[in-house]
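> My questions are about this predicted structure, shown below with the sequence.
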Amino acid sequence: MNPTQHTPTRRAVAALTAQASATRLQAAMAVGTQSDPSVVTVLVERCAVEPDFFVRDMLTWALTRLPEAVTLPRLVAELTSERAQARSQALHTLSKIKNRSVYPSIVGSLLRDPDDEVARTAWRAAVVVVPEGQEEALAAELVTQLGRGDRDMWLSLSRALVGLGEAVKPALAAGIAGADPRTREHAHATLLLLDDPDADYDTLIEEAGRLAERKELGG
């Protein structure tokens, strides 16, 4: 980096580690405005440790303004990081770039990541970049996570599945026919959400619980 030509960028990069989150936010915006490919590593590394949600989102924006030939390899490499936030933020950024070539790097273990935030981000990212014709295969992968976690996790997975449209129905049918009550309930709730995306999810879960119980009783 030429120290004279890129002095504003260098100052902004230095400010990414400032104590005040407002300063870091402004710095991320400035770096993004400059669109200097040489800062890609700094941005990605900062994503892994930045504590403020809004600053992280601005870092993602800055990364989306760089050439994909520069950002994609660095972000894909970050998906194997031992740091959960690094994996999650890389997935989030990839979902914003929307380049389908990264799909093979997302499906698989990341969809079942032990960290809930990583997993739910992987679900969203996979749905965004799934290649045409592979929606049913992705749905089959995602339904293995039915019943996982709390209500918010359920909603995240349901929304991801609904994002696949009609292609998700065979996989949900398999979930409804499964032996695990939580899996059946979650599958029912997702199918109901597919039919009415604007419905209240808590209401759908209550109805899904009744449907799953009826199935258990042989009704």
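Arrived safely.

> tell me the domain ranges of the protein?
Split into domains by automatic domain parsing, the chain comes to 10-131, 133-219.

> comparing these, which gets the lowest mean pLDDT score?
Here those differ in mean pLDDT, and the lowest is domain 133-219 at a mean of 90.

> Now find how far off-centre it is within its chain.
Centroid separation for domain 133-219 versus its chain: 19 Å, with CA atoms, centre = their mean, to the nearest Å.

> ok so, going back, so can I have JSON lines of the domains of the chain showing mean neighbour count?
C-beta coordinates here come from the backbone N, C-alpha and C atoms, glycine included. Output for the domains of the chain, formatted as JSON lines (neighbours: other CB atoms under 10 Å):
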{"stretch": "domain 10-131", "mean neighbour count": "19"}
{"stretch": "domain 133-219", "mean neighbour count": "17"}
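
> Strands of this protein, residue ranges please.
Using DSSP state E, no strands are found in the chain.

> quick one, helices of it?
Shown for the chain, the helices assigned by DSSP state H span residues 7-15, 21-34, 40-47, 53-64, 68-78, 84-97, 103-106, 116-129, 135-142, 151-162, 169-176, 181-195, 201-216.

> pull the CA atoms of the fifth one into CSV?
Listed next in CSV are the C-alpha coordinates belonging to helix 68-78 (Å, rounded to 0.1, in the frame of the first residue of the first chain):
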residue,chain,number,x,y,z
GLU,A,68,-15.3,-11.0,-5.4
ALA,A,69,-12.1,-12.5,-6.7
VAL,A,70,-10.5,-11.0,-3.6
THR,A,71,-13.2,-11.5,-1.0
LEU,A,72,-14.5,-15.0,-1.7
PRO,A,73,-11.3,-17.1,-1.1
ARG,A,74,-10.7,-15.2,2.1
LEU,A,75,-14.2,-15.7,3.4
VAL,A,76,-14.4,-19.3,2.4
ALA,A,77,-11.2,-20.0,4.3
GLU,A,78,-12.7,-18.3,7.3
